[in-house]
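Q: give me a 3D structure for the following:
(one chain, ligands or ions: 1)
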Amino acid sequence: MKWSPMSSNGKGREALLQLDDVGLVYQGSHGPQRVLQHISLSLDEGQHLTVVGPSGCGKSSLLRLIAGLQAPTEGQICFAGQKMTGPRPDLAIVFQDYGLFPWKTVEENIRLPGQLHHHSLNKDQLEKLLQSLDLTAVRKHYPGELSGGQKQRTALGRAMAMQPKLLLMDEPFSALDLAMRHQCYDLFRKYIGTSSMATIIVTHSPEEAAALGDKTVVFAKTGGVIEDVRKNE
Ligand SMILES: Nc1ncnc2c1ncn2[C@@H]1O[C@H](COP(=O)(O)OP(=O)(O)OP(=O)(O)O)[C@@H](O)[C@H]1O
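A: From the prediction side, this is the model:
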């Protein structure tokens, strides 16, 4: 993946997120594999970027670098003016495999990261979140007792409860049926509309990318960006 659609926010102030000429090479069992190269982008508070591309083009790898879970091989990533050196509480990620704690209930999973980082939800906020994600009936259930869609909505609720500055989501709605997906889009848009949180969403769905991003980049399997679409700019 090669990408440089937004190398500067062009507004003369510091971006929330800045990637400068970032690259990534995996040292796999079959030798080195280059996945990302020359990626430069910036994202401001309140901006919503969606990333679409075929399987294997490096979308999840890019999210892991931005989340500080992995270091780039080349280049630099800065968040809120600081060089990324590891995960931070103001930057949350919803993984493709949900990343739920199996020994905690739905409700506990949603509350825990916020409690750890002193963003505890009050009772009202928790009830609203459970209700809007249609999780009230399974609030005392453990992840092993949930459907894929319920797990996905729990992971989403947990990330929302952290109230991060930047929320990264890797195909967050892929396990939902059409009706629930649209319900989650509405909820999500409402949620991001009331905060200055920025989001980056990786998806396979062009419809989802258009619904949830004010900027969308489309990646080719190899060779980088084939389209860079911006709404309302
Ligand atoms: N830890 C790793 N070690 C070696 N290679 C890896 C590792 N993680 C991913 N890769 C390889 O890097 C490439 C990009 O993977 P990545 O998961 O970032 O792609 P993706 O675009 O998110 O794919 P998908 O849409 O299927 O989730 C793939 O070829 C994958 O096999």
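
Q: could you point out the longest helix of the chain?
A: Ranked by residue count, the top helix of the chain under DSSP state H comes out as helix 178-193.

Q: what's the pLDDT at Lys231?
A: With respect to pLDDT, Lys231 has a value of 61.

Q: list the buried residues in stretch 205-223.
A: Across stretch 205-223, burial judged by 16 or more other Cβ atoms under 10 Å covers 208-209, 211-213, 215-219. The C-beta positions use only the backbone N, C-alpha and C, and glycine is treated the same way.

Q: with respect to the ligand, which of the residues you listed is nearest?
A: Distance to the ligand across those (Cβ to the nearest ligand atom) is lowest for Phe219, with 7.7 Å.

Q: was I right to think Tyr142 contacts Glu107?
A: No: with contact defined as Cβ atoms under 8 Å, Tyr142 does not count as touching Glu107 (10.7 Å).

Q: which one of those two has more residues nearby?
A: It is Glu107, of Tyr142 and Glu107, that has more neighbours when counted by other Cβ atoms under 10 Å, with 19 against 16.

Q: list the contacts for the spatially closest residue to Gln33 that is not a sequence neighbour?
A: Once flanking residues are discounted, Gln33 sits nearest to Tyr26: 4.7 Å by Cβ to Cβ, 6 or more residues apart in numbering. With contact set as Cβ atoms under 8 Å, 6 or more residues apart in numbering, Tyr26 has these partners: 32-33, 35, 61.

Q: remind me what the longest helix of the chain packs against, helices and strands.
A: Here helix 178-193 touches helix 148-161, helix 206-212, going by 3 or more Cβ pairs under 8 Å, 6 or more residues apart in numbering; DSSP states H and E.

Q: between it and helix 148-161, how big is the angle?
A: Orientation check (axes from the mean of the first three to the mean of the last three Cα atoms, to 10 degrees): helix 178-193 against helix 148-161 gives 0 degrees.
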